[in-house]
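Student: generate a structure from the sequence data that follows.
(one chain, ligands or ions: 1)
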Amino acid sequence: MKKIKKWLPLGLLAGLALFLSGCGASSVADQNILSAAESDNEIVWGVKYDTNLFGLYNIADNQVEGFDIDIAKALTKEILGDDGQATFVEVTSKTRIPLLKNGNIDAIIATMTITEERRQQVDFSDVYFSAGQSLLVKNGSSISSIADLNSDTTVLVVKGSTSADNIREAAPEANVLELENYSECFTALQAGQGDAMTTDNAILLGLAQENPDYQLVGGTFTDEPYGIAINKGQEDFLNAVDDALADMVADGTYEEIYSKWFPDNEDGSVAS
Ligand code: GLU
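Tutor: Take a look at the predicted model:
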């Protein structure tokens, strides 16, 4: 009898837990992300950790830095108030949508192009940055535009990026090698595993800045408007992000962040 009494509350608790998980209380789609963020005083952002200028992990400071990071911090303040907490989780081009859908992050702000295909899976904020796809090659390379990419050349891309699809259309003859993230991709270029690397000009610019032996060539051959991705069915949060972005543009916060990271460009896009 004594034993039964001791185990009864535990049994009830286990039953309750089973009931709660069974009735879908933990489903991401059922939670109001804005209300949850307000009660936790925190927004969890999926960001790049290996992309200079947008989201790059700085070992010395033990923090991630870049344009996307500063925009996320400012959005968090606009939405939650000055003591609102922006928390960052690393994503890659391939992992960002699954991590959002699983509820590991509240939003993606990670050099992500708004596309119709992605709109089937997630919602996007208004455009907050305009890039375009380009090529990065070693100085002195014989490749000066996509017209030079043929069956004798290999182009390096990142899995899950629009760049991987676009290059197959723009240079169907070229060999394409897909890697996990941008640091792997650039390491492969340095090691001679490919003749060129392709992605957004803004990302390539960040690599060329750190590695002056490499340069962008050929201008841009696509439009890559960046948006913040949010799970479907989260209109309150999506509207809060769009309102906050508009306020940041109106009060000059956006411009301040933009010119901190892209001081040579004034039109909200990056020249190649
Ligand atoms: N903006 C492109 C994309 O969303 C390339 C950059 C990236 O891989 O994040 O796929």
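
Student: show me what from the chain comes close to the ligand.
Tutor: 93, 110-113, 158, 161-163, 199-200, 203, 224 (C-beta under 6 Å from any ligand atom). C-beta here means a position set from N, CA and C on the backbone, and glycine is covered the same way.

Student: any idea which helix or strand carries residue 178?
Tutor: Here residue 178 sits within strand 175-179, counting by DSSP states H and E.

Student: need the contact partners of that strand.
Tutor: Here strand 175-179 makes contact (C-beta atoms under 8 Å, 6 or more residues apart in numbering) with 151, 153-159, 164, 167-168, 185, 188, 193-194.

Student: same check on stretch 219-229?
Tutor: Under the contact criterion C-beta under 8 Å, 6+ apart, stretch 219-229 has outside partners 75, 96-97, 100, 107-109, 111-114, 118, 122-134, 145-146, 162, 166, 170, 200-201, 241, 272.

Student: just these: which are in helices?
Tutor: The helices, defined by DSSP state H, take in 75, 96, 97, 100, 118, 162, 166, 170, 201, 241 from the contacts of stretch 219-229.

Student: I'd like a version of the residues you listed in TSV, one that adds distance to residue 36 and pLDDT as further columns.
Tutor: Output for these, formatted as TSV (distance: C-beta to C-beta, whole Å; pLDDT from 0 to 100):
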residue	distance to residue 36	pLDDT
75	16	98
96	20	98
97	20	98
100	14	98
118	23	98
162	30	97
166	36	97
170	42	97
201	36	97
241	14	98
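
Student: drop anything exposed from the contacts of stretch 219-229.
Tutor: 75, 96-97, 100, 107-109, 111-114, 118, 122-125, 128-134, 146, 162, 166, 170, 200-201, 241, 272 (16 or more other C-beta atoms under 10 Å).

Student: show the secondary-structure elements that the host helix or strand of residue 207 is packed against.
Tutor: Using DSSP H and E, residue 207 falls within helix 201-210. Identification of packing neighbours for helix 201-210 by 3 or more C-beta pairs under 8 Å, 6 or more residues apart in numbering; DSSP states H and E yields strand 129-131, strand 133-138, helix 182-190, strand 214-217.
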